[in-house]
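# With the input below, show me the fold.
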Amino acid sequence: MDLEPILRANLLRLARLYSEVQDVKLSTVSRFSHGDPPFYDNLAKGKPVGFTVRKYDQAMRWFRANWPAETPWPADVWEPKPPAAAPRRRLGRRKP
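Presented below is the predicted three-dimensional model:
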């Protein structure tokens, strides 16, 4: 199973839904979530785009942070959770 088509479809689904709910152009969503206005249009057309796991993660975090509260997250799209806080470690020597 190739993951790239699934990840591309997830991003495009979120971008289209966000665009519709917020009543903004897909290029506007692309500019804010990816930094490249034609990214989602090119993704939809099957054109080559610079696509890495890092970029996917960044876009998914943007969607999660900016997702409208009144709109349910699509059930079939993996929803990123905020990372758990790492336990704090004390620096220095322990006192006996």
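# what does the longest helix along the chain contact?
Counting residues, the longest helix found in the chain (DSSP state H) is helix 4-22. Residues outside helix 4-22 that contact it (C-beta atoms under 8 Å, 6 or more residues apart in numbering) are 24-26, 28-30, 33, 40, 43-44, 51, 53, 56, 59-60, 63, 66-68, 71, 74, 77-78. Backbone N, C-alpha and C define where each C-beta goes, glycine included.
# quick check: angle from whatever helix or strand comes next after it to helix 4-22?
Sequence-wise, the next helix or strand downstream of helix 4-22 (DSSP states H and E) is helix 26-33. If you take axes from the mean of the first three to the mean of the last three C-alpha atoms, to 10 degrees, helix 26-33 sits at 110 degrees to helix 4-22.
# got the buried residues for helix 26-33?
Residues of helix 26-33 classed as buried by neighbour count (16 or more other C-beta atoms under 10 Å): 26, 27, 29, 30, 31, 33.
# quick one: what helix or strand has the most centrally placed residue in the chain in it?
By C-alpha atoms, centre = their mean, the chain has its centre lying nearest to residue 60, at 1.3 Å. Assigned by DSSP H and E, residue 60 falls within helix 53-66.
# what about that helix, distance to the chain center?
Here the centre of helix 53-66 is set off from its chain's centre by 2 Å, with C-alpha atoms, centre = their mean, to the nearest Å.
# what's in contact with stretch 32-48?
8, 11-12, 15-16, 18, 26-31, 49-51, 55, 58-59, 62-63, 66.
# Swap in 7 Å and give it another go.
Residues from elsewhere that reach stretch 32-48, judged by C-beta atoms under 7 Å, 6 or more residues apart in numbering: 8, 11-12, 15, 26-27, 29-31, 49, 55, 59, 62-63.
# list the buried ones in it?
By neighbour count with 16+ other C-beta under 10 Å, stretch 32-48 contains the buried residues 33, 34, 37, 39, 40, 41, 43.
# State the distance from the third one to residue 74.
Between residue 37 and residue 74 the distance is 23 Å, computed by C-beta to C-beta, to the nearest Å.
# With the last one instead?
In this structure, residue 43 and residue 74 are 17 Å apart, going by C-beta to C-beta.
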